[in-house]
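In: sequence first, predicted coordinates after that:
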Amino acid sequence: MQSENSRAEIPPGTLEMLILKTIRRLGAMHGYGIAKAIQQSSEDVLRVEEGSLYPALQRILIKGWVTAEWTPSGPKRRSRVYQLTPLGRKRLEAEISEYRRVARAIEQVIQPA
C-alpha cells in the first residue's frame, strides 16, 4: 500500500493536460519549471521525468497548443519558454471535460454496491 506522500504514475493520457493546465495557471514557463510546478501542486505525488516531459512538450508544440521561444537564462545559457495558444486553451477545456467524464464513470464502477 502506498503512503500519502509516495509518488504515483501519471495516468496515461493526462500528462499533456497537466502541462497545459500548469501553463494556463502560471503563465509562460520553461520545461523544468513546468515539471516542478506539477510536482509541487500535487504535493509531491506526481513527478514528471525529463524523458516524458520533453517529448510531450514537443508533441503539444507540433499540435499548435503552445508556442516556444528561446530566452537567455544566464551567461551562455538559454531556456525554451512555452506559452499557451488559443487552440491550446480550447484543447485544455476539452481534455478536462473528458477527464472528468471518465473519472465519474470509474467512480460509479468502484462505488460499493
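Out: Okay, I see it. Source: prediction; values computed, not measured.
In: quick one, what contacts Thr71?
Out: Arg78, Ser79, Arg80, Val81 (CB atoms under 8 Å, 6 or more residues apart in numbering). Any C-beta I mention is one placed from the backbone N, CA and C, and that applies to glycine too.
In: just among these, which is most surrounded?
Out: Val81 (19 neighbours; other CB atoms under 10 Å).
In: give me the beta-bridge partners of that one?
Out: Beta-bridge partners of Val81, counted by DSSP bridges, are His30, Glu69.
In: that one is in contact with Thr67, isn't it?
Out: No: Val81 is beyond contact range of Thr67, at 9.0 Å (criterion: CB atoms under 8 Å).
In: give the buried residues for the helix or strand where Ala105 lies.
Out: Taking DSSP states H and E as the definition, Ala105 sits inside helix 86-110. For helix 86-110, the neighbour count (16 or more other CB atoms under 10 Å) marks Gly88, Arg91, Leu92, Glu95 as buried.
In: hmm, which two among the contacts of Thr71 are most spread apart?
Out: Arg78 and Val81 (9.5 Å; CB to CB).
In: joint contacts of those two?
Out: Trp70, Thr71.
In: got the contact list for the residue lying closest to Leu61 once chain neighbours are set aside?
Out: In space, and not counting its chain neighbours, Leu61 is closest to Ala68: 5.5 Å by CB to CB, 6 or more residues apart in numbering. With contact taken as CB under 8 Å, 6+ apart, Ala68 is in contact with Leu57, Leu61, Arg80, Val81, Tyr82, Gln83.
In: and if we set it to 6 Å?
Out: Leu61, Arg80, Tyr82 (CB atoms under 6 Å, 6 or more residues apart in numbering).
In: any weak-confidence spans in the chain?
Out: Scanning the chain with the threshold set as pLDDT under 70 gives 1-7.
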